[in-house]
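>>> From the sequence below, what's the structure:
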Amino acid sequence: VLTAISGPTISFHIFKIRPIATNFLLNVTDVSFETIEERGRKSDIDLFNRIMPKSHAFQFKTVIFQENLLEWYTHNRRILPWRAAKGRKSDPYHVWLSEIMLQQTTVPAVIPYFLHFTQKWPTISDLALANPDDVMSSWAGLGYYARARNLLKCAGVINDKYDGKFPKEEAELMLLPGIGPYTAAAIRSIAFHKPAIVVDGNIERITARLFAIKMPFPEGKKCVRENAAMLFTGIENARKESVRDLPQALMDLGSTVCTPKSPKCSLCPISQLCLGFQQGRQADYPIKTKPKQIPTRTGRVYLIQTKDGLMALEKRDETRMLGGMLSFPTTHWDIKDDTQSHKHPHHFRKLKTLHKVGAISHTFSHFHLKLEVWHGIIAGNDLQLFNKLRQISFHPYENLEHIGLPTVFRKSLNIFKKYHNQE
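I've put the predicted structure just below:
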């Protein structure tokens, strides 16, 4: 457990040693200890030395680390549409929106979505009042659709309860839909210039290398987060902009220099402080256990047309994967009990024209999916049956490209196009 002993101008971090954690703590005795700008009180240092034997002290040059990194950031910061220019205030709405979009998603993929959202809904109040179907359609292709549903819920709460203004405290932020510890810390630090320990995937990787943490992930993430606190120690005593810039500098360093593979240590402003680099093992960190194999599920997707060329789409139930999105009808591949995945839904069974036209594969975070693509044409009594189905609606074929189908269904549509062109 990480414990902090703090005076007005000095901060020390002490660990209660557990057998599982001793490996990385015992390998850092060759790094010299430095107080915040050497302004610490001697009594604090004496207390630190009495409590913790030197062989167990985790000693890190926090001030040099922060100064070098922030100087590097001044010249190498990325220009991103949600990031405030130097000397300008951050927009909490932009910070929040970008952080939600960036969860499990890369920066290049997010940029066009962010620009589209902020152009269409310039403020959080605009977003709160938006048509939910319009928002879900605009999110299509970005994945992890629960984020979009929580985005709308969160916007509604902020608009109604907080008069369109984000709360500034982490505890209050974490009560909002879709906001966890990391996002709350990022909003507090980046949007409001208030100190917080911000730890995303990039910062986890940098921390694991800096301190050569040998405990494998995912168990080692707790140790990494405890050590990451040292990167932010005393930042509240620096310039106000530094509180905002430090987490963004870490993110940029992780994205451009301290990358997952082949880190560019010759360009790194903090390599002289990095134990992983000193050991020549920087690319080995963070150490990860072998990932478990994810299962494969199977099912069917149906591209059903009327004789006039209208295509049947269903609005997926909120309790299912891709909930709230428009999609082609499918069997129940998105639930654990997929015993019905190879049976046609009852309203498709009487379609004499129903036939298989191909297959697709798609991977979600926790399973692989293989779908057979089926096509059929409905008319007469069959069309009346479909019209009675609550979640089914019909759309012109030429409009499908603009509806905002999730990726797995765009793949299905592409299979149908190939089949249609071969006929």
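>>> Need the pLDDT of residue 2.
pLDDT, the model's per-residue confidence, is 41 for residue 2.
>>> Under the pLDDT cut-off, which ranges of the stretch 51-200 of the chain? List them.
51-59 (pLDDT under 70).
>>> Might one say that residue 283 is in contact with residue 265?
No: with contact defined as CB atoms under 8 Å, residue 283 and residue 265 do not form a contacting pair (9.2 Å). Yep, even glycine has a C-beta here, placed from its N, CA and C like the rest.
>>> With neighbour numbers in mind, choose between these two.
Legend: neighbour count by other CB atoms under 10 Å for residue 283 and residue 265, higher for residue 265 (17 against 14).
>>> the strands in this protein, which residues?
2-6, 11-15, 296-306, 310-315, 326-327, 355-363, 368-378, 392-396 (DSSP state E).
>>> Of the ones you listed, which stretch is the most buried?
strand 326-327 (a mean of 22; mean count of other CB atoms under 10 Å).
>>> which residues touch it?
Residues lying outside strand 326-327 but in contact with it, judged by CB atoms under 8 Å, 6 or more residues apart in numbering, are 133, 136-137, 313-316, 393, 403-406, 409.
>>> what's the farthest-apart pair in those?
393 and 406 (16.3 Å; CB to CB).
>>> For residue 173, which of the strands of the chain is the nearest?
Closest of these to residue 173 is strand 2-6, at 22.2 Å (criterion: CB to CB).
>>> The spatially closest residue to residue 324 that is not a sequence neighbour: neighbour count?
Spatial nearest neighbour of residue 324, chain neighbours left out: residue 136 (5.1 Å); criterion: CB to CB, 6 or more residues apart in numbering. By the criterion of other CB under 10 Å, residue 136 has 23 neighbours.
>>> now residue 82
22.
>>> Make 40 the starting number, not 1.
Understood, numbering begins at 40; the last thing we discussed is residue 121.
>>> Now do the contacts for it.
Residue 121 neighbours (CB under 8 Å, 6+ apart): 130, 133, 134, 136, 137, 153.
>>> try 6 Å
Contacts for residue 121 (CB atoms under 6 Å, 6 or more residues apart in numbering) come out as 133, 137, 153.
>>> Most neighbours out of the residues you listed, which is it?
Neighbour max across these (other CB under 10 Å) = residue 137, 23 neighbours.
>>> ok, it to residue 156 distance?
From residue 137 over to residue 156 the distance is 10 Å, taken as CB to CB, to the nearest Å.
>>> center of this structure - which residue?
Residue closest to the average C-alpha location in the chain (CA atoms, centre = their mean): residue 142, at 1.3 Å.
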